[in-house]
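Have a look at this prediction, sequence included:
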Amino acid sequence: MPGGRLTQQERQQIALGLADGLAYAEIARRLDRPTSTITREVMRNGGPTAYRSDLAHRATEHRARRKQAASRDAKAPVRADGRDAEAVRAFEEIFTTVLIQSGTPRMMARVMACLCLTDSGSLTASELVQHLQVSPASISKAIAFLDGQGLVRRERDERRRERYVVDDDIWYQSMMASARAALQIVETARQGVGVLGPDTPAGARLEGIARFLEFVSESTARAAEQARGILSAKPATATPATTAPVSATTPATTAPVSATTPATTITPATAGPEATAPEVTRP
């Protein structure tokens with residue numbers, strides 16, 4: 001299996017394969033390349049619907065020149081935390097690609113991955129600009145999107161600089177935002193039912209959409225609440241047993257203590273119309 005960078009001819013073959021509706025694995029097989037190479041190439045250059053071989057080739061050459069310029073300034077950058085810089089950079093690219101494939105726009109995915117892979121979970125706009133080598137306007141746009149989705153929050157540090165933060169609640173917030181978005185579609189679909197009529201095929205279709213997404217939204221919110229409650233509960237610390245004299249004629253009385261009782265009790269959801277779900281606030 002050949003290695004090295006993709007050639008312009010290979011990129012043209014990728015574009016043709018995408019136009020023919022071929023899967024990444026099939027394109028990779030025809031080029032004798034790893035599937036991950038094709039996936040990364042396509043996702044970092046506009047995705048399957050916007051990929052253009054000429055633009056992708058020029059973008060790759062530009063990145064190569066930029067890396068060469070950076071290497072002249074710092075031959076072997078050393079991370080302060082002692083981690084392998086190349087391994088971290090490679091994983092960041094993989095993580096970004098996965099976020100893009102899940103539906104996150106490319107720039108937003110890059111910012112999100114960058115924040116998630118910092119130990120502090122917090123960076124300033126200038127730090128993001130320097131790390132990602134993009135314009136401040138690109139960072140501002142990405143942060144506005146992520147903030148609107150509840151995936152990052154803004155705070156001021158001791159120097160009054162605005163910092164962008166992700167924390168341990170990030171995926172909970174993401175799931176709740178998804179549940180709220182689904183409810184918006186539910187409300188809109190129900191409006192359509194009123195306009196088109198519940199007894200028409202179109203009205204019945206919209207009502208089916210509304211019922212399905214309403215169930216999914218409530219189930220998503222319920223699962224997110226339960227997961228956060230269970231996973232955030234701190235394990236109980238074992239208390240050393242104390243020995244006290246016990247009378248032979250008096251049975252010892254002990255308070256029932258469950259060693260496995262978590263700090264937070266989660267009531268399982270019940271099936272049926274009486275099932276309750278955590279409230280999802282409509283925007």
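That came through fine.

Of all the residues in the one helix or strand residue 129 maps to, which ones are buried?
Taking DSSP states H and E as the definition, one finds residue 129 inside helix 125-132. Within helix 125-132, the residues that count as buried by 16 or more other CB atoms under 10 Å are 125, 127, 128, 129, 132. Using the backbone N, CA and C atoms, a C-beta is placed for each residue, glycine as well.

Now the next helix or strand along the chain from that helix - C-alpha only, PDB.
Under the assignment DSSP H and E, the closest C-terminal helix or strand after helix 125-132 is helix 136-148. Written as PDB, here are the backbone C-alpha positions of helix 136-148 (Å, rounded to 0.1, in the frame of the first residue of the first chain):
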ATOM      1  CA  PRO A 136      -9.900  36.100  14.300                       C
ATOM      2  CA  ALA A 137     -13.100  36.400  12.300                       C
ATOM      3  CA  SER A 138     -13.200  32.600  11.700                       C
ATOM      4  CA  ILE A 139     -12.700  32.000  15.500                       C
ATOM      5  CA  SER A 140     -15.400  34.500  16.300                       C
ATOM      6  CA  LYS A 141     -17.900  32.900  13.900                       C
ATOM      7  CA  ALA A 142     -17.100  29.400  15.200                       C
ATOM      8  CA  ILE A 143     -17.500  30.400  18.900                       C
ATOM      9  CA  ALA A 144     -20.800  32.100  18.100                       C
ATOM     10  CA  PHE A 145     -22.100  28.900  16.600                       C
ATOM     11  CA  LEU A 146     -20.800  26.700  19.500                       C
ATOM     12  CA  ASP A 147     -22.100  29.100  22.100                       C
ATOM     13  CA  GLY A 148     -25.500  29.100  20.500                       C
END
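
Now name the helix or strand holding residue 22.
Residue 22 is part of no helix or strand when elements are defined by DSSP H and E.

mind checking how far it is from residue 55?
Distance, residue 22 to residue 55, using CB to CB, to the nearest Å: 20 Å.

and if you look at residue 90?
24 Å.

Low-confidence ranges, the chain, go.
Low-confidence regions of the chain, defined here as pLDDT under 70, cover residues 1-3, 63-81, 234-283.

on contacts alone, who are the packing partners of the helix holding residue 129?
Contacts defined by 3 or more CB pairs under 8 Å, 6 or more residues apart in numbering; DSSP states H and E place helix 125-132 against helix 106-116, helix 136-148, strand 162-165.

With that, I have no additional questions.
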